[in-house]
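sequence? don't have it. structure:
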């Protein structure tokens, strides 16, 4: 009888093990598929709309430097960097249904002046000798261009001025990227077309008029007169209204 009970007990244990849920195994993670730690945003995650644009978080890598501290060597390298930047952004423009707009490199004199005044002679800290802009007609195209930049360059800094606009109301994505071949750090601005038209047209004229009055005040070591201040306020208000109207057309799209 005891052997019969032993046999029945063994059969019951085997039956319970057969019906149990299988144990889950830990999956191995392929580290080669992970983004580098320095990359600020993963790609293909933001929706192509206003919410996606607002979700792009600001980012600033530590100790951003150019590959050369000697000014002449850096500027010479920046020339090839400008060619590389324009080649990369033109390809991105073709793929994202956007277009590029560039004013060319910062001049040698302006670059030297900025290194001396802002960076106390440290040439490797200037990041906007090489520069360009990408202009999009709508938010989805701008998002596409941004993600293509993530894939083809190393993003070092993101300023999302769509979330936090300038006092004038101007908005864009302002980026610093490191180019893969030259290693040059370059400035790339992503604009919506209505803002680009204003910035490079009427608002630029307003800015120049304000700068001219302020330079005169500095040269004469005086505060602005009532007439000058009224003119400055009028020009600034005009720019704010233009940018406000431009932004409204994308909010209602």
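Structure received. Because the structure is a prediction, the values reported are computed rather than measured. Numbering: from 1, shown residues only.

how distant is the helix or strand harbouring residue 72 from the center of its chain?
Assigned by DSSP states H and E, residue 72 falls within helix 71-96. Computed by Cα atoms, centre = their mean, to the nearest Å, the chain-centroid distance of helix 71-96 equals 16 Å.

burial count for the residue nearest to residue 69 when sequence neighbours are not counted?
Nearest residue to residue 69, sequence neighbours excluded (Cβ to Cβ, 6 or more residues apart in numbering): residue 124, at 4.2 Å. (Glycine included, C-beta is placed from N, CA and C.) Residue 124 has 17 neighbouring residues, counting by other Cβ atoms under 10 Å.

Quick check: residue 124 touching residue 66?
Yes: counting by Cβ atoms under 8 Å, residue 124 sits close enough to residue 66 to count as a contact (4.4 Å).

ok, the residue nearest to residue 69 - contacts?
Residue 124 sits next to 65, 66, 67, 68, 69, 74 when contact means Cβ atoms under 8 Å, 6 or more residues apart in numbering.

Generate a markdown table for the residues you listed, with neighbour count, pLDDT and secondary structure as supplementary columns.
Converted to a markdown table, these look like this (neighbours: other Cβ atoms under 10 Å; pLDDT from 0 to 100; DSSP: H, G, I helix; E, B strand; the rest coil):
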| residue | neighbour count | pLDDT | secondary structure |
| --- | --- | --- | --- |
| 65 | 15 | 97 | coil |
| 66 | 23 | 97 | coil |
| 67 | 15 | 96 | coil |
| 68 | 17 | 96 | coil |
| 69 | 14 | 96 | coil |
| 74 | 20 | 97 | helix |
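
Now the residue most central in space within the chain. Its backbone dihedrals?
The centroid of the chain falls nearest to residue 175 when counting by Cα atoms, centre = their mean (3.0 Å). The phi/psi pair for residue 175 (degrees, to the nearest 10) reads phi -120, psi 150.

Begin at 748, not 1, for the rest of this chat.
Happy to do that; since the first residue is 748 now, the last one works out to residue 922.

separation between residue 987 and residue 945?
Using Cβ to Cβ, to the nearest Å, residue 987 is found at 11 Å from residue 945.

cool, and residue 965?
Computed with Cβ to Cβ, the distance linking residue 965 and residue 945 is 27 Å.

These two - which one has more neighbours?
Set residue 965 next to residue 945 and count neighbours by other Cβ under 10 Å: residue 945 wins out with 21 against 9.

you'd agree that one is in a strand?
No: counting by DSSP: H, G, I helix; E, B strand; the rest coil, residue 945 is not found in a strand; it is helix.

Name the nearest residue to it, ignoring sequence neighbours.
Using Cβ to Cβ, 6+ apart, the nearest residue to residue 945 is residue 989, at 5.0 Å.
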